[in-house]
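Q: could you look at this predicted model? Sequence included:
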Amino acid sequence: HSFGRKAWPYSIGVDLMPFGGHRFMIGGEYHQNSLTTDDYWRTGLLENSLTSLFAGYDYMDYYLVDGAGIYTMFRGERLFEVGAAFVSDDYSSIDVQSRYSFFGNKSTYRPNPEVSEGNIQSLYLSGSFNPKELLLAPRVMFKAEGMVELADLDGMDNEYGYNRYLFESRFSSNLAENTVFEWRLRSGSLTGDMPLQRMFELGGIGTLRGRDFKAYTGNTMVLNNFQFYFGSPSYTDGDWIDWDDLRVMFFLDSGWTDMSQKLRDQNNPFEGYGEFSLTNMKHDIGVGIGSSVLRLELAWPTDRLDETPALWFRFNPLML
């Protein structure tokens, strides 16, 4: 029960593996009063919950959906996974229902932005290489995944006709015994009559850490993140301590967004990248220190290095 909304959110679903084994699955779900967000990739649920509870900062924007969906998924033995889903949802905006935190001021909670309300029917297609993030070579991991949301197809009763394309890759390597390099590339394109909740937003936690939260919005986006981790010597025995302990980190965040009129008028997802160039990207540099449990980060926009840096306390952080 949601006491803030005075409502009963619920979902009913079923997952089946009709041919035995664990490689092929089909399923479906019906949900009502379901609160959801597109921001799961920015920060982990545990970190966001702790930050909200103790400091009054929630780094996810939420909206309500009522509807149903069906899906199917096939997983290869080790490295490949593909899936498809059809979803029909009614979208509606939602106000902030709770402002409680132990130490934060209630005014620090961001209001949820308005979304484009109404019914949207979408066909989702997804594929992933190395979804379990297995080592592909000694000290090397590479993962890539893509997703296409098609809401501009014949036969769909949609209030918004659009298509959304999203790609992300991750690479990590132990360059030396106590040095790790991580790289993430994320890109997206949105065509047609695009609803507000499908726009790409950069800035703040998990993206450009020296900028304001969601400072840049567009229907096309490129995000690039580099990070180097270095171990710290122990003062007791002179050896390098475990990776689960203290680490120093240096990072570079680079991002670009644009509102392309060409993407509004046609369905070619690559049209919006005509305006992209490295010189148009925003860049942030930073340094961090901490462990896998707690991390302190300082980030500076490269075009405003003389300003006070952004300060982040990260709890159980993801890669970024």
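A: Alright, I've got the coordinates.
Q: nearest residue to residue 283 other than its sequence neighbours?
A: In this structure, residue 283 finds its nearest non-sequential neighbour in residue 302, 4.3 Å apart by Cβ to Cβ, 6 or more residues apart in numbering. Where you see a C-beta, it was placed from the backbone N, CA and C, and this is true even at glycine.
Q: swap that for residue 226, please
A: Counting by Cβ to Cβ, 6+ apart, the residue nearest residue 226 is residue 252, at 4.6 Å.
Q: residues near that neighbour, how many?
A: 16 (other Cβ atoms under 10 Å).
Q: that one belongs to a strand?
A: Yes - assessed by DSSP: H, G, I helix; E, B strand; the rest coil, residue 252 belongs to a strand.
Q: hmm, back to that, show me what contacts the residue nearest to residue 283?
A: 283, 284, 285 (Cβ atoms under 8 Å, 6 or more residues apart in numbering).
Q: again with residue 134
A: 78, 79, 141.
Q: the second one contacts residue 129, doesn't it?
A: Yes - if you go by Cβ atoms under 8 Å, residue 79 and residue 129 touch, sitting 6.1 Å apart.
Q: of the contacts of residue 302 - the most surrounded one?
A: residue 284 (24 neighbours).
Q: related to what we said a few turns ago, out of the contacts of residue 134, which sit inside strands?
A: residue 141 (DSSP state E).
Q: export the contacts of residue 134 as TSV, with columns for pLDDT.
A: Below are these laid out as TSV (pLDDT from 0 to 100):
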residue	pLDDT
78	89
79	95
141	96
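Q: that older thread, quick one: the residue nearest to residue 226 from residue 52, how far?
A: Between residue 252 and residue 52 the computed distance is 28 Å (Cβ to Cβ, to the nearest Å).
Q: equivalent analysis for residue 117, please.
A: From residue 117 to residue 52 the distance is 25 Å (Cβ to Cβ).
Q: more neighbours, these two?
A: Using other Cβ under 10 Å as the criterion, residue 117 and residue 52 rank with residue 52 on top: 20 against 16.
Q: wait, doesn't that one sit right on residue 58?
A: Yes - counting by Cβ under 8 Å, residue 52 touches residue 58, with 4.4 Å between them.
Q: select only the buried ones of the contacts of residue 134 in ChimeraX?
A: A single ChimeraX command is used to select the members of these judged buried by 16 or more other Cβ atoms under 10 Å:
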select :141
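Q: so residue 81 belongs to a strand, correct?
A: Yes - assessed by three-state DSSP, residue 81 belongs to a strand.
Q: that one: how many residues sit nearby?
A: Residue 81 has 17 nearby residues by other Cβ under 10 Å.
Q: now name the helix or strand holding residue 269.
A: Residue 269 is part of no helix or strand, with elements assigned from DSSP states H and E.
Q: how close does the residue lying closest to it once chain neighbours are set aside get to residue 26?
A: Nearest non-adjacent residue to residue 269, counting by Cβ to Cβ, 6+ apart: residue 189, 3.9 Å away. To residue 26, residue 189 is 29 Å away according to Cβ to Cβ.
Q: which stretches of the stretch 51-200 of the chain have low pLDDT?
A: Applying pLDDT under 70 to the stretch 51-200 of the chain flags the ranges 106.
Q: which residues in it form strands?
A: 63-75, 80-92, 118-129, 135-137, 140-150, 162-176, 179-192, 200-202 (DSSP state E, counting those that start in this stretch).
Q: so which bits of the fifth one are buried?
A: Translated: strand 140-150. Result for strand 140-150 [16+ other Cβ under 10 Å]: buried residues 141, 142, 143, 145, 147, 148, 149, 150.
Q: for the second one, same thing?
A: Counting neighbours by 16+ other Cβ under 10 Å, one finds that the buried residues in strand 80-92 are 81, 83, 85, 86, 87, 88, 89, 91.
Q: now do that strand and strand 63-75, the angle between them.
A: Here the directions of strand 80-92 and strand 63-75 differ by 160 degrees (axes from the mean of the first three to the mean of the last three Cα atoms, to 10 degrees).
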